[in-house]
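Colleague: model this:
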Amino acid sequence: MSGVGEPAWLLAFVCGAVFLLSVLPLIHLGWAGLKGLEGGEAASVLLEAATFAALRNTLVAAAGGMVISLVVGALFAFVVALTDIRGKLALSFAFMLPMMIPPQVTALAWVEMSGPSSPLLKTLGLAPPLGSPQPLYSLAGIALLLGVQHAPLVFLAIKAGLATHPRDGVEAARLSGASPWRVFRDIVLPLACPALIAGGAIAFISGIGNFGIPAILGIPASIETLPTLIFAKFASFGSSTFGEIAVLSTIIASISAGGLLLQQRALKGRDYRLIGLTGARAAFTLGRLRIAVETLLWGTLALVLVAPLLALVASSLVPAYGVPLTLHTVSLQAYGEVLFRQTVTLTALKNSVFLASAAAVGLLVIALPAGYLLAARRGRVANLLAILIEIPYALPGIVLAVAFILAFAAPLPVIGVSIYGTIWIILAAYLSSFFAVSLKPVMSAFLQMDPSLEEAARLAGAGFLRRMRDVLLPLVAPAAGASVILVFLIAANELTVSALLWSAGTQTLGVAIFNLDDSGSSNLASALSVLVVAVVIGLMATLEVLAKYLPEGVLPWRN
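Modeller: Have a look, this model is predicted:
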């Protein structure tokens with residue numbers, strides 16, 4: 001695409017949006033962190049025993065989760081990408097579900113599946129004796145679920161890396177008599193090392209900032225991580241709270257940045273550039289092992305996905321936690337309660353639908369000109385804008401929420417109105433956090449477009465807005481639709497950002513599920529979670545139906 005004919009206001013519009021959504025909150029966070037360290041009162045949080053314990057728990061849980069994500073994600077990625085197993089698309093679709101399901105729902109589902117009071121285990125007669133501890137209320141339990149939640153990230157990184165490897169070396173090794181294991185060990189695995197390192201780093205950083213899983217599993221066991229410690233500090237508001245949470249948020253951001261730097265250092269010297277038929281994958285024929293491998297993969301999915309969701313459904317159909325599901329106890333009362341009688345859940349549903357819809361449509365309005373600009377331009381300005389758009393999405397949600405509190409706690413200049421404590425600050429944080437998600441499919445569509453189409457319209461005298469309306473928008477419409485659905489899907493289930501930003505009347509679905517479980521209404525929390533999962537699967541299925549109209553790479557479970 002060419003930048004000729006680009007209107008003068010376009011760059012100013014995109015820069016202004018990036019400044020408001022990314023730069024301004026980060027400046028306030030950095031400044032508050034520095035002031036907190038200088039003031040002394042907020043800096044004292046660094047010396048508290050609770051901070052050291054939370055830091056240790058955060059690192060241990062994130063590292064343990066990373067190891068589990070690497071094992072599970074690499075297994076699925078290598079088998080799906082390199083072998084002749086059947087049902088690859090269905091496997092990929094199902095394996096991506098844990099990443100799309102809110103982490104607090106994942107944690108709640110696993111809690112309902114295990115322990116002495118599990119309705120599912122009681123129904124099957126497999127529940128441990130009453131009084132037995134809930135095994136997931138532990139650091140190991142948090143690490144396990146972080147691993148399950150983030151394994152799809154490793155899967156995506158490795159699968160994308162394998163897709164770019166040429167098959168020539170593999171075929172030459174096979175023709176020379178090398179065994180499949182020798183080919184995998186000596187050729188495929190070294191080439192996959194950059195993707196393994198990148199996937200592990202993403203899983204570790206995601207574990208550092210995860211709030212939903214440590215909140216559901218850690219709070220009952222008095223195990224704090226840095227995100228839950230920030231939440232606790234915010235709940236017990238004091239004179240130095242803003243400074244303390246800014247300092248703690250800076251620690252999380254520093255750990256995340258350190259993880260990215262270690263990733264880059266580990267990847268140095270591992271940039272393998274080979275000549276061959278890139279994108280053509282080598283297929284290892286499994287022969288008689290194929291059924292066993294397929295059984296292993298589907299069995300793993302049944303354990304980490306199907307069983308917890310069945311437990312969630314069972315818990316939603318009984319009158320109270322711990323009651324076995326039978327013909328006499330089954331009831332839809334919890335669904336009636338959350339859908340028609342619970343004021344809080346109805347408010348949360350309305351808020352989440354509004355926030356997700358407004359974020360999806362609002363970001364599309366920004367992403368279309370931004371995608372056009374970044375696809376048309378090259379150079380430092382475009383690269384800097386792209387990085388600034390990515391930063392809020394890469395930051396842990398709890399850190400971004402603190403940045404927006406610090407940026408918008410005071411009344412806005414000129415108009416003198418504060419959006420703090422309103423639904424608008426949550427929407428602003430969503431716009432910042434999901435900007436990168438909205439931009440990716442739109443920018444992919446612009447990059448794949450033949451520039452001669454717009455050039456012909458420009459030479460015919462059509463202005464920018466006319467070209468956008470009559471030529472560009474019809475061509476990027478499928479990607480724009482995917483952008484709207486992806487942002488809606490993620491925003492409707494979000495918890496980490498809204499956990500610190502909500503107030504009375506602005507609860508979201510994620511907050512409602514967390515609060516219901518925290519108050520002991522596990523059947524209501526389960527019913528609401530089942531509805532959320534149903535919406536997630538429905539939206540993912542809609543995207544799958546539209547897949548043939550979308551640019552390549554938009555749907556994560558596809559190639």
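Colleague: tell me where the stretch 201-350 of the chain has helices.
Modeller: In the stretch 201-350 of the chain, the segments counted as helices under DSSP state H, counting those that start in this stretch are 212-218, 226-235, 241-267, 290-301, 307-316, 333-336, 343-376.
Colleague: ok, then the element right after the helix or strand where residue 466 lies?
Modeller: Using DSSP states H and E, residue 466 falls within helix 464-467. Next helix or strand after helix 464-467 toward the C-terminus (DSSP H and E): helix 473-492.
Colleague: what is the neighbour count of residue 539?
Modeller: Residue 539 has 17 neighbours, counted by other Cβ atoms under 10 Å. Just so you know, the C-beta spots here come from the backbone N, C-alpha and C atoms, and that holds for glycine as well.
Colleague: list the contacts of it.
Modeller: Residue 539 sits next to 485, 488-489 when contact means Cβ atoms under 8 Å, 6 or more residues apart in numbering.
Colleague: so how far is residue 495 from it?
Modeller: According to Cβ to Cβ, to the nearest Å, residue 539 and residue 495 sit 18 Å apart.
Colleague: just put the contacts of residue 539 in CSV and tack on neighbour count and pLDDT.
Modeller: Shown next, in CSV, are the contacts of residue 539 (neighbours: other Cβ atoms under 10 Å; pLDDT from 0 to 100):
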residue, neighbour count, pLDDT
485, 17, 81
488, 22, 87
489, 20, 81
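Colleague: out of these, which comes closest to residue 196?
Modeller: Comparing the contacts of residue 539 against residue 196 with Cβ to Cβ picks out residue 489 as the nearest, at 27.6 Å.
Colleague: ok, now how distant is that closest one from residue 244?
Modeller: 34 Å.
Colleague: again with residue 48
Modeller: 9 Å.
Colleague: sorry, back to before: what is the nearest of the contacts of residue 539 to residue 52?
Modeller: Among the contacts of residue 539, residue 489 lies closest to residue 52 (Cβ to Cβ), at 37.6 Å.
Colleague: got the angle for the helix or strand hosting residue 523 vs helix 473-492?
Modeller: Using DSSP H and E, residue 523 sits in helix 522-545. Between helix 522-545 and helix 473-492, the angle comes out at 160 degrees (axes from the mean of the first three to the mean of the last three Cα atoms, to 10 degrees).
Colleague: check the offset of helix 522-545 from the chain's centre.
Modeller: Its chain's C-alpha centre and that of helix 522-545 lie 16 Å apart, by Cα atoms, centre = their mean, to the nearest Å.
Colleague: what comes up buried for that helix?
Modeller: Neighbour-count burial for helix 522-545, with 16 or more other Cβ atoms under 10 Å as criterion, is recorded at 522-533, 535-537, 539-540, 543.
Colleague: quick one: the spatially most central residue of the chain from residue 146, how far?
Modeller: Nearest to the geometric centre of the chain sits residue 99, at 6.2 Å (Cα atoms, centre = their mean). The gap separating residue 99 from residue 146 is 12 Å, by Cβ to Cβ.
Colleague: repeat for residue 461
Modeller: Taking Cβ to Cβ, one finds residue 461 at 57 Å from residue 146.
Colleague: neighbour-wise, which of those two wins?
Modeller: The residue with more neighbours, out of residue 461 and residue 146, is residue 146; 31 against 7, by other Cβ under 10 Å.
Colleague: what sits against that one?
Modeller: Residue 146 makes contact with 61-62, 64-65, 68-69, 203, 206-207, 210, 213, according to Cβ under 8 Å, 6+ apart.
Colleague: redo these as CSV? Include neighbour count.
Modeller: Shown next, in CSV, are the contacts of residue 146 (neighbours: other Cβ atoms under 10 Å):
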residue, neighbour count
61, 29
62, 28
64, 18
65, 27
68, 21
69, 28
203, 29
206, 23
207, 30
210, 30
213, 31
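Colleague: which of the contacts of residue 539 sits closest to residue 222?
Modeller: Lowest distance from residue 222 to the contacts of residue 539 (Cβ to Cβ) belongs to residue 489, with 33.8 Å.
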